[in-house]
Each structure stands twice: as C-alpha cells, then as structure tokens.
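**Q** Any chance you can model this:
(one chain, ligands or ions: 2)
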Amino acid sequence: MGFFNRLFGRKKEEKKEELEKEHIKLEEEILDEELENIKELEKNKKEEDIKEEEIAGKVVLENEKFQEELISEEKSLYAEKPKVEKKGFLSSLKEKLFRSREGLFGSLKNLFSEKSIVDGEMYEELEDILVQSDIGIEMTLKIVKDLKVEVKNRGVKKPEDVYPVLKDVLANYLIVENTQLDVSKEKMNVILVVGVNGVGKTTTIGKIASKYVKEGKKVVIGAADTFRAAAVEQLEEWANRAGAELIKHPEGSDPGAVVFDTLKAGDEKNADIVIIDTAGRLHNKNNLMKELEKLNNIIKKKLNNDDYESILVIDGTTGQNGLIQARVFNEVTKLTGFIVTKLDGTAKGGILFSISDELKKPIKYIGVGEGIDDLREFNGKEYINAIFD
Ligand SMILES: Nc1nc2c(ncn2[C@@H]2O[C@H](COP(=O)(O)OP(=O)(O)OP(=O)(O)O)[C@@H](O)[C@H]2O)c(=O)[nH]1
Ligand SMILES: [Mg+2]
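**A** Ligands and ions are numbered 1, 2, ... in the order given. Next up is the predicted model:
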C-alpha cells in the first residue's frame, strides 16, 4: 500500500509541475499577445497622430489662406468704396424704392409700351393704375386732365411718348417750395413731431437727430410721449445711437411739463436743435386739438414766437387713410410740413401726390427703411426719377 501511495504521490507532484509549466507558458503567450497588441496600438496611434498633424497643418494653411482672402476682399471693398459712393443719392433711392418702381408705377411703363394708339381706353386704364397707386380719385382725374392738355400741346402721338409727359405732370404736383426743415436759427431750432400711433415718429426723430449730430450740431430730444414706459425707452435708445441728449419724465407724466423742461434744457445747454416726440394715441379730434394746443402754447411762450417746425409723420403704406390723417391734423394744429415714412415697404406711394397737392405743404423727408440712415431729404424730381426710371 505504502509503495502505491508513494507512486501515486510522485505522479501527482509531476502532474502538478506539468500543469504549472503549462500555465506559465500560457501566461507568457498571453503576455506576448498583449505586447503585440500594445505595439500595434502604438503604431496605429502614431499614424493617427501624423494624420491629425497633417490635417491640422492643412487647417492652419487653409485658415491662413482664408484670412488672406478675407484681407484681400476687405482691401478690394475699401478700394471699391469710392465707386459705391459715386452711385449717389439717386441710385440708392432707386434701390430703396424698388417696390414702388416695380409695383404699380412699373405697370404704367407697361401700359404705354403695350398700347398702339393714344385713345380714351388708354386714359381709362391709366386712371385705374393711378387710383390703385393710392393717388386718390380726385387727384387722378386732375392728373389725367393735365396730361391730356400736355399731350395735345406737345403734339405727342405715340403712347410710348406719353410716358415722359406723365412724369413731368406728376412732378409738378410734388414741387412745393421750402422742402428743407428750417434749422437756420443760431440756437433752439424746435421741431415738434406729431402723428397717429405707429407711423414712425420715434424712429424718424432718431434718424433726424443722427443726421444733425453728424453735422456737428447739438441736439436735445424731449420724450413727450408719456403714455407708456416703452415709448421713452425706445426714444432713449435712438437718442443714444444718434448721440443726442434726452429729456424724460416718468411714464404717465404731463407731456406739457416734458416739453417745458426740454426747452429749458435746450436753452441752458445751448442746443442747436430741439426735437419733441409726442404720443399718437389721442382718441378724438377734441382731445388731439387740446393736447397739441397746449404743447404749441408752451413752445410759443418759450420762443416768444411761432417760428418752429411742426411736422406730421404719415405712414406711406396706409394709402388714402394717410390723407385723412393729414386733413385732421391740419385742421387742429398748425403744420409746417410732412414726413412720409415706410416708402421702402410699399408698391404704391401715391399718397405723396395727394398730400402735396391738397395741403400745399412740403414733404420734408421720406423714410425708406428702419435703419438710422434710412431718411432722405425729399425732392419731387428725384423721387419721380427713382420710381419711374
Ligand atoms: N420699413 C420701414 N419701417 C419704418 C420706417 N419708419 C419707421 N418704421 C417702423 O415702424 C414701426 C413704428 O415706428 P415708431 O417710430 O415706433 O412709430 P411711432 O409713430 O413713434 O409709434 P407710437 O410711439 O406708437 O405712436 C417700427 O417698427 C419702425 O421700425 C421706414 O421708413 N421704413
Ligand atoms: Mg413713438
């Protein structure tokens, strides 16, 4: 038994050793394999790093190329600048008024080129187009009557030759003397800005202020629209952008007190120009009259005369409604002129003719966009050329 036991014990030992050897071998193999893997991984990583570096290099290069392109583009922009400015007022006005030019006024051009003879039918179609362009019926009849006389006087026979005659006739209705805002006094040139809500009073005041500040003038603005806090904030933003000073009172205060303080500040600060923004929310004619009378009296008292601008702002996209507003304001207060806004947004614009003709007061400026520079001094001939050519 002892022998078998010993023999069996030795075999067991041998088996154990064998197993241990195999185990070590296996571990070595695993280790080798892992080492291989690590080597492979490192190799791949290196390749990737090289690729990344290449890409990064390319990006840097491309970036540099891009920068160079940008610089040269900028240079060419600067180089082109004089060319852009050369295009001048007329061309940019044309661009701003493209809707009117291509809209109903554009259809006038088509009318004359499509017709073969000057006859009653042509005039009737012309009337339709003019009425649709917000020129109004009365005004349209006057224009067509004048046109017929001019066509006869000039011996025009072909429809295409009627087109330039119509341009002249229309221009006649836009020429009203004294189209510039009068800011010729040494100091305290006051501009009171009125109009119904939303027509663009505040925006226009910002544009005017910016124009005068750029000319080196000192501008003080009064926030006499005290109906809502947002109105003052909006005006304040414009005043800051324009570089003008703002006089304001809390929401709900008396607009008269704002006007009084603004004029006082303008006087003390030696302002060249004082512009007053007013509220457009006066529900009836009586209220409107009373409010404007009060503001006007404060201004007259301070200036000791009534030599100041009182400007009605009209939204050029509201058509004949704008004419009705002009009539009402003209009845209740003394107006020295108009500013017609948003002409960039209308395919019509005929309101300009009705206002000039009926109220015989100048359109001083037109608004052609929401930006600070989107204001143009109004010139009838230039306007006609911009929408007709
Ligand atoms: N496209 C265009 N938008 C304009 C022009 N003028 C003013 N607007 C816009 O018309 C809107 C009303 O302008 P406001 O200046 O607030 O009008 P407001 O008359 O002061 O209005 P209230 O203070 O509410 O009476 C704004 O969104 C302006 O950006 C213009 O000439 N062209
Ligand atoms: Mg306003």
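**Q** And the residue of the stretch 51-200 of the chain found nearest ligand 2, how close does it get to residue 210?
**A** Residue nearest to ligand 2 within the stretch 51-200 of the chain (C-beta to the ion): residue 197, separated by 7.3 Å. Where you see a C-beta, it was placed from the backbone N, CA and C, and this is true even at glycine. According to C-beta to C-beta, to the nearest Å, residue 197 stands 23 Å off from residue 210.
**Q** Comparing those two, which residue is more hemmed in?
**A** For residue 197 versus residue 210, neighbours defined as other C-beta atoms under 10 Å are more numerous around residue 210 (21 against 13).
**Q** and the more buried one, what element?
**A** In the assignment (DSSP states H and E), residue 210 maps to helix 201-214.
**Q** got a list of what the residue in the stretch 101-250 of the chain that ligand 2 sits nearest to touches?
**A** The minimum distance from the stretch 101-250 of the chain to ligand 2, using C-beta to the ion, falls at residue 202 (3.3 Å). By C-beta atoms under 8 Å, 6 or more residues apart in numbering, the contact set of residue 202 is 225, 231, 234, 235, 238, 277.
**Q** top of the residues you listed by neighbour count?
**A** residue 277 (30 neighbours).
**Q** OK, contacts around that one?
**A** Applying C-beta under 8 Å, 6+ apart, the residues near residue 277 are 193, 201, 202, 205, 221, 222, 223, 224, 225, 231, 235.
**Q** pLDDT score for it?
**A** pLDDT, residue 277: 97.
**Q** Can you name the residues bridging to it?
**A** Legend: beta-bridge partners of residue 277 under DSSP bridges are residue 193, residue 223.
**Q** Please verify my assumption that residue 196 contacts residue 325.
**A** Yes. Residue 196 is within contact range of residue 325, at 5.6 Å (criterion: C-beta atoms under 8 Å).
**Q** Tell me which helix or strand comes right after the helix or strand of the chain with the lowest mean pLDDT.
**A** Every helix and strand of the chain was ranked by mean pLDDT, DSSP states H and E. The lowest is helix 2-96, at a mean of 57. Toward the C-terminus, helix 2-96 is succeeded by helix 98-102 as the next helix or strand (DSSP H and E).
**Q** Return the helix or strand that that following helix is followed by as PDB; C-alpha atoms alone will do.
**A** The first helix or strand that comes after helix 98-102 along the chain, using DSSP H and E, is helix 104-114. Backbone C-alpha positions of helix 104-114 (Å, rounded to 0.1, in the frame of the first residue of the first chain) are rendered in PDB as follows:
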ATOM      1  CA  LEU A 104     -48.000  99.900 -59.800                       C
ATOM      2  CA  PHE A 105     -45.800 102.600 -61.100                       C
ATOM      3  CA  GLY A 106     -44.000  99.900 -63.100                       C
ATOM      4  CA  SER A 107     -47.200  99.000 -64.700                       C
ATOM      5  CA  LEU A 108     -47.500 102.500 -66.200                       C
ATOM      6  CA  LYS A 109     -44.500 101.700 -68.300                       C
ATOM      7  CA  ASN A 110     -46.100  98.500 -69.500                       C
ATOM      8  CA  LEU A 111     -49.300 100.300 -70.300                       C
ATOM      9  CA  PHE A 112     -47.700 102.800 -72.600                       C
ATOM     10  CA  SER A 113     -45.500 100.200 -74.300                       C
ATOM     11  CA  GLU A 114     -48.400  97.800 -74.900                       C
END
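**Q** okay, residue 326: pLDDT?
**A** We have a pLDDT of 93 for residue 326.
**Q** Just checking the helix or strand hosting it against ligand 1, any contact.
**A** Taking DSSP H and E as the definition, residue 326 sits inside helix 320-332. No. Legend: contact between helix 320-332 and ligand 1 by C-beta under 6 Å from any ligand atom is lacking; minimum distance shown is 11.4 Å.
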